[in-house]
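Asker: For reference, the sequence and a predicted model appear below.
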Amino acid sequence: MKLLILDRDGVINYDSDAYIKTLEEWVPIPGSVEAIAQLSKAGWTVAVATNQSGIARGYYPLTTLEAMHARLRELVAEQGGVVGHIVYCPHGPDEGCDCRKPKPGMLRAIAEYYQVNLEGVWFVGDSSGDLQAALAVGAQPVLVKTGKGERTLEKGVPQNTLIFDDLAAIARALI
């Protein structure tokens, strides 16, 4: 199985320090939906692992998050692709869960879902927490410069991190 795991906010859609709280605020980064569809059509399984502490903070309900993910699936399907398993952490940063990145719980859940080892599997994110989660499970950390990616890059990234401009550039590299 060719598995690619993506963070959501800042990788697939625009991010906001004020959180993405409504379906209207969930806006794909240009080329990201097409990239997921192209990868899917080329035999890649594209899964998503996303921190969504806005749920714990009361900024939006689970139904809104589900609507955002349904919209993502719909847009990718319109391009002939499929979005794989989507996992999210609804907890706040102080709840002590194992799923909130940089902890690796969501990546482990994806590995369990697909019955695969994550050694060398690319995990694409825009934050140091994403890169740390990848390293914790032996996955290949991949940074995109979209979202918080430029800021993350300025602070320094793990030595073996792959760096791309955006998700479309990753699709071009993998296909």
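Answerer: Everything's here; your move.
Asker: can you give me the helices in this protein?
Answerer: 32-41, 62-78, 105-114, 128-136, 149-155, 167-174 (DSSP state H).
Asker: What are the buried residues along the last one?
Answerer: Judged by neighbour count using 16 or more other C-beta atoms under 10 Å, the buried positions of helix 167-174 are 167-171. The way it works is simple: take the backbone N, C-alpha and C, and place the C-beta from them, glycine included.
Asker: same check, this time on the second one
Answerer: Neighbour counts using 16+ other C-beta under 10 Å place 64-65, 68-69, 72-73, 75-76 of helix 62-78 among the buried residues.
Asker: quick revisit: redo the helices of the chain as CSV? Include mean pLDDT and distance to residue 91.
Answerer: What follows is the helices of the chain, written out as CSV (pLDDT from 0 to 100; distance: least, C-beta to C-beta, whole Å):
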stretch, mean pLDDT, distance to residue 91
helix 32-41, 98, 26
helix 62-78, 98, 13
helix 105-114, 98, 10
helix 128-136, 98, 13
helix 149-155, 97, 22
helix 167-174, 98, 26
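Asker: Dump those helices into JSON lines; add distance to residue 50 as well.
Answerer: Formatted as JSON lines, the helices of the chain follow (distance: least, C-beta to C-beta, whole Å):
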{"stretch": "helix 32-41", "distance to residue 50": "14"}
{"stretch": "helix 62-78", "distance to residue 50": "9"}
{"stretch": "helix 105-114", "distance to residue 50": "8"}
{"stretch": "helix 128-136", "distance to residue 50": "10"}
{"stretch": "helix 149-155", "distance to residue 50": "15"}
{"stretch": "helix 167-174", "distance to residue 50": "14"}
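Asker: closest to residue 17 out of the ones you listed?
Answerer: For residue 17, the closest of those is helix 149-155, at 11.0 Å, according to C-beta to C-beta.
Asker: hey, which strand is longest across the chain?
Answerer: strand 44-51 (DSSP state E).
Asker: Now tell me what touches that strand from outside.
Answerer: 1-9, 12, 36, 39-40, 69, 72, 81-89, 100-101, 106-107, 109-110, 113-114, 123, 129, 133, 174 (C-beta atoms under 8 Å, 6 or more residues apart in numbering).
Asker: and the gap between the residue nearest in space to the middle of the chain and residue 58?
Answerer: Central residue of the chain (C-alpha atoms, centre = their mean): residue 7, 1.3 Å from the mean position. Going from residue 7 to residue 58 by C-beta to C-beta, to the nearest Å gives 23 Å.
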